[in-house]
Structure formats: C-alpha cells, structure tokens
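[1] Here is a sequence together with a model predicted from it:
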Amino acid sequence: MNLGPWEAYVDPPGFTFHVPAIALPAGSTVQVMGDNGAGKTVFLERVLLPRLEEQGRRVFFVAQDLALQAHVLAATLAAQGMPAPRAQGALGAAWAADAGADDVLVLDETDRHLTPEEMQRLLALPVAAAFLVSHQPRPWPRTHCLKVTRRGRDVRIEEVRP
C-alpha cells in the first residue's frame, strides 16, 4: 500500500498537510506519533481515511473517544446480525474483527480503552495496514513510525525510525 505524496488543505481547522511518498508492505503496523494538538486525528480523519477509501479500501476506525462512537458501532454490529458487547473495548474489537487483507485498521489512542489482550487481538488481524495513534511510543510491535509536527497552520508528516 502506498501513501502520498499528498498536500492537502483542511478547513476547518485551516491546516495544510504535507505527506511524502511512503511505501507500506502488506501487514504493516504504523505508529502515528505527535504532540497533543499536532494534528494526528485531523490527519487521520480528513486526509488519510478519505484517500484510503478512494483506493477502495474498507477502513475500520476506532475513535479516541470510544464512548461517542459506541452507539454507532453497536448499531452497525446489530444491523449485521452480530452481538454487540457492552464493554467499550470489546465493542471496538468486535466491530473490527471482520477486517480482511485489503482493509485498514485505524486505532486513534484506543490503547486508553482497550486491554492489552484486545489490542493484541486487533493487531493480529490480517489487514493491509494498522495505524496506531499516540503521543509517545507504545510497546506494541510496529514496522513503521510517522511523526506529525505542526508549525502554525503547516503540518508535516515524516517517516521516522520505529
């Protein structure tokens, strides 16, 4: 799977994102890091996800505020005839369990809601790529690391050593 090169203006909040060309082999686990307010979530929701969907990929996105997303996930599972667990972490894991080899998993700071076992189960899914968002390095295995840096309204995405 290839990302970039992209330059995208997102309004609001009025940021311009600069994304270099990045090649991700199948099964990549990518940590997306940056300071609070750097633009990690805006990058995911408004730059990365639309482009992945344009490529025909299904995206299984678990938001950092899982409490707000829980009702939608439960309704989606119910519409598919699947049971919806009550616990937020189990709900996110159940929703993404259908992900396959061409799909992408995006976990936006969900390690705050998911147990280590739930995270391991999700990271074991046979997806094209998994993106893990955090402010700092986490102990999860990763093959790539993207650093998000914002200066004013200019946001740069760069690949750094995992």
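    Good, I have the coordinates.
[2] what's stretch 36-50 in contact with?
    3, 6, 8, 10, 13, 15, 17, 19, 32-34, 59, 61, 64, 106, 108, 131, 133, 135, 148-150, 155, 157 (C-beta atoms under 8 Å, 6 or more residues apart in numbering). No exception for glycine: its C-beta is placed from N, CA and C like everyone else's.
[3] same question, stretch 71-79
    83-84, 91-92, 94-95.
[4] what do you get if the cut-off is 7 Å, keeping everything else the same?
    The contact list for stretch 71-79 (C-beta atoms under 7 Å, 6 or more residues apart in numbering) reads 84, 91-92, 94-95.
[5] which among the contacts of stretch 36-50 end up buried?
    If you count burial by 16 or more other C-beta atoms under 10 Å, the buried members of these come out as 3, 8, 10, 15, 17, 19, 32-34, 59, 61, 64, 106, 108, 131, 133, 148, 150, 155, 157.
[6] which residues in the protein form helices?
    For the chain, applying DSSP state H gives helices covering 40-42, 49-54, 66-79, 88-96, 116-123.
[7] To residue 162, which of these lies closest?
    Residue 162 lies closest, by C-beta to C-beta, to one member of those: helix 116-123, at 13.8 Å.
[8] May I have the closest one exported as CSV, CA atoms only?
    This file holds the C-alpha atoms of helix 116-123, laid out as CSV (Å, rounded to 0.1, in the frame of the first residue of the first chain):
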residue,chain,number,x,y,z
PRO,A,116,-3.5,-5.4,26.2
GLU,A,117,-5.3,-8.6,25.1
GLU,A,118,-7.8,-6.7,23.0
MET,A,119,-5.0,-4.7,21.4
GLN,A,120,-3.1,-7.8,20.6
ARG,A,121,-6.2,-9.4,19.0
LEU,A,122,-6.7,-6.4,16.8
LEU,A,123,-3.1,-6.2,15.8
